[in-house]
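**Q** Sequence first, predicted model second:
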Amino acid sequence: MDEASFIAALRTLPLHPGAQDLRDDCALLEVGSETLVLTHDAIAEGVHYRPGTDPADIAWKLVAVNLSDLASKGAEPLGVLIGASLIEQSEGVVEGLREVLERYQVPLLGGDTIRPQGPPVFGCTAIGRATVTPVPARTGARVGDALYVAGTIGAAMLGFQAGDGAAYLRPQPMLSEGRALAPLVHAMMDVSDGLLLDASRMAVASGCTASIKLDAVPFPAGMSTDDWAAAVRWGDDYALLFAAPADIVLPVPAVRIGTMLAPGGHPLLLDGAAPEGSLGYQHS
């Protein structure tokens with residue numbers, strides 16, 4: 001069973017309304033006058049990081065990718081729970097957690113530990129408080145909206161290829177940018193599995209077609225044009241992708257990369273045509 005089939009099967013289970021039919025990265029839970037935003041991601045050796053990676057980098061990435069989901073909802077982080085595999089140099093995991101939690105002023109709430117027989121897996125649940133209602137979702141994009149990216153696309157790919165891994169292993173969740181954008185956007189999500197795949201997901205959820213211009217995408221300075229096609233499919237960028245009125249006055253730096261069109265034969269157009277091949281990373 002692949003990822004899409006597994007999620008489809010999960011939709012047959014009793015779901016809380018806040019699960020949003022499992023079509024978003026976060027769940028919403030109303031508690032009194034507040035709305036909590038909850039998300040969970042796991043990372044595994046050989047999939048999300050190379051064997052031999054500094055444990056402090058593993059810990060940073062684990063927390064950061066979850067905080068990025070909160071950023072895409074404009075949420076204020078309240079705390080995280082960690083599921084940690086006990087590995088050699090687990091003290092490095094603790095130090096990495098200390099670094100990222102202090103950097104973003106997020107407390108640890110608890111969690112669990114295991115000692116796996118195979119490759120280690122780490123999990124994180126992040127809990128945040130919504131700062132605006134309605135909370136931005138994938139589903140709100142409208143025909144005629146401009147499609148924007150805050151951040152860059154492709155830095156993680158370059159870092160991975162170069163072996164230094166700074167952008168790949170230590171992403172910077174755009175929490176303040178997400179809170180500034182949340183009251184203004186119609187739809188927002190972070191770019192984790194590739195710009196094309198995530199834009200396609202937003203388009204499907206919103207009943208639109210996302211039309212993107214490749215040369216408008218904010219690639220890192222100096223990236224070769226030969227790498228553009230791979231960069232928009234690679235993922236791990238944790239930029240913010242959002243749809244908003246074309247005349248919006250943006251409160252943060254962002255680049256318009258396209259337009260949301262009326263639904264057509266394909267949910268995504270790249271330079272006017274449906275892109276060929278894989279759009280991004282999916283677990284098979």
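**A** Sure, I can see it. Numbers count the residues shown, from 1 in each chain.
**Q** need the strands for the stretch 51-200 of the chain, in chain order.
**A** Counting by DSSP state E, counting those that start in this stretch, the stretch 51-200 of the chain has these strands, from start to end: 75-85, 108-114, 121-130, 146-150, 187-190.
**Q** Can you check which of those gets nearest to residue 219?
**A** Within the strands of the stretch 51-200 of the chain, the stretch nearest residue 219 is strand 146-150; the backing value is 10.2 Å (CB to CB). Yep, even glycine has a C-beta here, placed from its N, CA and C like the rest.
**Q** Contacts for the closest one next, please.
**A** The list of residues contacting strand 146-150 from outside it, by CB atoms under 8 Å, 6 or more residues apart in numbering, reads 141, 174, 177, 181, 191, 195, 199, 210-212, 217-218, 239-246, 248, 250, 252-260.
**Q** Would you check that residue 23 makes contact with residue 205?
**A** Yes. Counting by CB atoms under 8 Å, residue 23 sits close enough to residue 205 to count as a contact (5.8 Å).
**Q** Quick check: neighbours shared by the two?
**A** Both residue 23 and residue 205 are contacted by 138, 139, under the criterion CB under 8 Å, 6+ apart.
**Q** of those two, who's got more company?
**A** Between residue 23 and residue 205, counting by other CB atoms under 10 Å, residue 205 is the more crowded of the two (20 against 14).
**Q** Which of the helices or strands spans the more buried one?
**A** Take DSSP states H and E as the rule and residue 205 turns out to sit in helix 195-206.
**Q** Would you mind checking the average pLDDT for that helix?
**A** Mean pLDDT, computed over helix 195-206, is 97.
**Q** helices or strands up against the helix or strand just after it?
**A** Downstream of helix 195-206, the next assigned helix or strand under DSSP H and E is strand 209-212. Applying 3 or more CB pairs under 8 Å, 6 or more residues apart in numbering; DSSP states H and E, one finds that strand 209-212 makes contact with strand 146-150, helix 195-206, strand 255-261, strand 268-270.
**Q** quick revisit: could you check the angle the helix holding residue 205 makes with strand 255-261?
**A** Using axes from the mean of the first three to the mean of the last three CA atoms, to 10 degrees, one finds that helix 195-206 and strand 255-261 are set 40 degrees apart in direction.
**Q** now the angle between strand 146-150 and helix 195-206, please.
**A** Per the same axes, to 10 degrees, the angle that helix 195-206 makes with strand 146-150 is 130 degrees.
**Q** can I get the CA coordinates of helix 195-206 in CSV?
**A** Extracted in CSV, the C-alpha atoms of helix 195-206 (Å, rounded to 0.1, in the frame of the first residue of the first chain):
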residue,chain,number,x,y,z
LEU,A,195,6.8,23.0,-5.3
LEU,A,196,5.0,21.4,-8.2
LEU,A,197,3.5,18.6,-6.1
ASP,A,198,2.4,20.9,-3.3
ALA,A,199,1.0,23.5,-5.7
SER,A,200,-1.0,20.7,-7.4
ARG,A,201,-2.3,19.6,-4.0
MET,A,202,-3.5,23.1,-3.3
ALA,A,203,-5.1,23.4,-6.7
VAL,A,204,-7.0,20.1,-6.2
ALA,A,205,-8.1,21.0,-2.7
SER,A,206,-9.4,24.3,-3.9
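**Q** same for it, what does it pack against?
**A** Here helix 195-206 touches strand 187-190, strand 209-212, helix 228-234, strand 240-244, strand 255-261, strand 268-270, going by 3+ CB pairs under 8 Å, 6+ apart.
**Q** quick one: the shortest one to chain centroid distance?
**A** When you say that, I think you mean strand 268-270. Taking CA atoms, centre = their mean, to the nearest Å, the mean C-alpha location of strand 268-270 is offset from the chain mean by 20 Å.
**Q** Over to the third one?
**A** Here the centre of mass of C-alpha atoms in helix 228-234, compared against the chain's by CA atoms, centre = their mean, lies 16 Å away.
**Q** what comes into contact with that helix?
**A** Residues lying outside helix 228-234 but in contact with it, judged by CB under 8 Å, 6+ apart, are 153-154, 156-157, 194-197, 212, 214-215, 217, 219, 223, 270, 277-281.
**Q** Swap in 7 Å and give it another go.
**A** Contacts made with helix 228-234 from outside it, assessed by CB atoms under 7 Å, 6 or more residues apart in numbering, are listed as 153-154, 156-157, 194-196, 214, 217, 219, 223, 278-280.
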